[in-house]
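**Q** Sharing a model that was predicted from the sequence below.
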Amino acid sequence: MTIKRTLENSFYSIPIVIISNIIYLIYSSKFPGGIAGMAPFILMLNSIISFIISLLIFLIISIRFELNQAKSIMIFTSVSFIILYFYFGANPFNYSTEEANRDLNLWLYISILIPTLIMLAIKKIIVGN
């Protein structure tokens with residue numbers, strides 16, 4: 001697989017980034033600023049870091065294996081989830097935090113998962129495999 005094709009596949013994660021940020025901004029706007037003030041920036045920073053790491057993974061993996069759009073999308077989503085959990089400590093199942101923080105953490109994951117599923121469905125409808 002050529003580097004050009006790998007880069008093209010990696011850019012399928014950009015709509016996920018945009019849609020997930022919009023979903024999360026809409027959801028987090030119902031909370032007061034003290035609770036959700038910096039939360040949208042965590043998602044934006046997570047998206048940037050995930051895109052860079054995913055791009056590096058795409059380039060390394062494409063040397064031996066062929067990546068299609070669905071695999072690229074799943075790699076980006078997996079990297080995003082891993083970074084949210086381990087780097088940012090966003091654990092929606094941590095019941096020692098207050099409920100608003102759990103909701104915001106859960107919506108960090110949901111806001112990435114929804115556009116991922118949409119992109120995979122669109123790919124399935126258009127391409128068919």
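**A** Sure thing, it's come through.

**Q** and the top helix by length along the chain, what does it pack onto?
**A** Longest helix in the chain, counting residues (DSSP state H): helix 99-127. Helices and strands touching helix 99-127, by 3 or more CB pairs under 8 Å, 6 or more residues apart in numbering; DSSP states H and E, are helix 13-28, helix 33-36, helix 39-61, helix 69-82. Where C-beta positions appear, they are placed from N, C-alpha and C, glycine not excepted.

**Q** what's next to the third one, contact-wise?
**A** In this structure, residues lying in contact with helix 39-61 by CB atoms under 8 Å, 6 or more residues apart in numbering are 3, 6-7, 9-10, 13-14, 17, 20-21, 24-25, 28, 67, 72, 75-76, 79-80, 83-84, 87-88, 90, 104, 108, 111.

**Q** Okay, now the unreliable bits of the protein?
**A** 1-3, 5-7, 9-10, 35, 128-129 (pLDDT under 70).

**Q** Please report how far the residue lying farthest from the centre of it lies from Arg102.
**A** The centre of the chain is farthest from one residue, Ser96, which by CA atoms, centre = their mean lies 25.2 Å away. Separation of Ser96 from Arg102 (CB to CB, to the nearest Å): 10 Å.

**Q** Fine by me, we can end here.
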